[in-house]
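Student: For reference, the sequence and a predicted model appear below.
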Amino acid sequence: MDFLTLISKKEKINQAALAVPMALGPNDKFTPFKNRLQEEKPDAVIWQADAIADDFSKEVIWDQVKQGGAQAVDEGELSAMKKASMKAELDKAHEEFLGNWPQIQQQIVLELAQNAKETVGDRFLILAYSNKEAGGQGEMGPADQAFFLTSALKVAGDCFDAVFIPNQLDENLQEKVIEAAKAAQVPFIVSTILTDMDRADLEEQFQKAIKSGAAFLNIELSADFLGQFDVADLDELLVTLKEQYREQVKLVLSMTGLLTKDQLESWLVLPSAFVTLALSEQYQTPMVQSTIKELGWN
């Protein structure tokens, strides 16, 4: 059963799937997270690749290579002239490294994706990269961010059951990631931030998502925003739009920030194909702070 089939089955019984973020860095231990997954049994895991991918960027890898080469030169019993010559050769090697970077990066990305897939086991795995502006940990520029996502989809597409298209990227870069998702036959999720209750604006977002071929439209709502409106009115609007477009695109609601108990209960009323909660307090992210235990999901 694929991810979209699961969503459709749960939709028929008025249930949302449960997703949890995995934002583990290179110095974090994956086994405790894996064990907690077995306890909580979420349906899907959102791999926040921004927590680890930046540590394997071309700048970081080259610095490691260069430092290692420079250290070897400094520690060798060579003349000052010979050392200077060898260090100059290291600088020249930078151009060769940049030329080989696409192949190097693909191998790194493949290993990272395979490790993520091994960690989540038979659960659905959703690829995501969020920069700091979007509430993640990533520091890649837009082009590198798109390059990472397209590389991951190209070399490890079979690891992923869906991918988030970052809405901070410009239209051209978003299209490159979308094309890679389509080529890998990975359903993709486009996102928008809800700032008001204007139906025409929301309908436009649904229509844009459908035109792009997205499987999901993710509407992000902040805890502050949720407190400004009557939940019943918001529910009525979203349910109406969900039913209007249900055969073309699935609606997802992402709540950001730390929700109060009342807001958590309100969130459960609102329609969403899947709900994202932290696996535990240990695995909270800047965007996902409410936990499975807090909501009493299980």
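Tutor: Looks like it arrived, so ask away. Numbering: from 1, shown residues only.
Student: contacting residues for the residue lying closest to Q174 once chain neighbours are set aside?
Tutor: Excluding the flanking residues, the one nearest Q174 by Cβ to Cβ, 6 or more residues apart in numbering is I165, at 5.4 Å. Every residue, glycine included, has its C-beta placed from N, CA and C. Contacts here follow Cβ atoms under 8 Å, 6 or more residues apart in numbering; on that basis I165 touches Q174, V177, I178, A181, F188, I189, V190, S191, A214.
Student: Which strand or helix spans the fourth one?
Tutor: Remark: A181 resides in helix 171-183, with elements defined by DSSP states H and E.
Student: Report the mean per-residue pLDDT for that helix.
Tutor: For helix 171-183, mean pLDDT is 98.
Student: so how far is the following helix or strand past it from its chain's centroid?
Tutor: Next in sequence after helix 171-183, counting helices and strands by DSSP H and E, comes strand 188-193. Here strand 188-193 is found 11 Å from its chain centre; the criterion is Cα atoms, centre = their mean, to the nearest Å.
Student: Following the chain onward from strand 188-193, which element is next?
Tutor: Counting by DSSP H and E, the next helix or strand C-terminal to strand 188-193 is helix 199-212.
Student: pLDDT on that following helix, on average?
Tutor: Helix 199-212 comes out at a mean pLDDT of 95.
Student: before we move on, what about stretch 40-55?
Tutor: Averaging pLDDT along stretch 40-55 gives 95.
Student: now the end-to-end length of stretch 152-170.
Tutor: End-to-end distance for stretch 152-170, by Cα to Cα, to the nearest Å: 19 Å.
Student: in that stretch, what counts as buried?
Tutor: Under the neighbour-count criterion of 16 or more other Cβ atoms under 10 Å, stretch 152-170 has 152-153, 155-157, 159-166, 169 buried.
Student: With K9 as the reference, measure out to L24.
Tutor: Separation of L24 from K9 (Cβ to Cβ, to the nearest Å): 30 Å.
Student: neighbour count winner among the two?
Tutor: L24 (19 against 12; other Cβ atoms under 10 Å).
Student: Can you classify that one by secondary structure?
Tutor: Under DSSP: H, G, I helix; E, B strand; the rest coil, L24 falls in the coil class.
Student: what pLDDT does it get?
Tutor: Model confidence at L24 (pLDDT) stands at 96.
Student: That one: what's it in contact with?
Tutor: L24 is in contact with F30, F33, A51, I52, T119, counting by Cβ under 8 Å, 6+ apart.
Student: From those residues, which land in helices?
Tutor: Taking DSSP state H, the ones among the contacts of L24 that sit in helices are F30, F33, T119.
Student: Please indicate which of those residues are buried?
Tutor: Neighbour-count burial (16+ other Cβ under 10 Å) applied to those gives F33, T119.
Student: of the ones in helices among the contacts of L24, closest to T276?
Tutor: F33 (15.5 Å; Cβ to Cβ).
Student: which residues does the most centrally placed residue in the chain form a beta bridge with?
Tutor: The centroid of the chain falls nearest to A128 when counting by Cα atoms, centre = their mean (1.4 Å). Counting by DSSP bridges, A128 forms beta bridges with Q48.
Student: per-residue confidence for it?
Tutor: Per-residue pLDDT puts A128 at 98.
Student: ok, which stretches of this structure are helices?
Tutor: Assigned by DSSP H, the helices in the chain fall at 3-12, 30-40, 58-75, 80-120, 142-156, 171-183, 199-212, 223-226, 231-245, 261-269, 292-295.
Student: Need the winner for burial among the ones you listed.
Tutor: helix 142-156 (a mean of 21; mean count of other Cβ atoms under 10 Å).
Student: which other residues reach that one?
Tutor: For helix 142-156, contacts defined as Cβ under 8 Å, 6+ apart pick out 49, 53, 57, 102, 105-106, 109-110, 112-114, 117, 127, 129, 131, 138, 140, 160, 163, 166, 168-170, 173-174, 176-177, 179-181, 183-184, 186.
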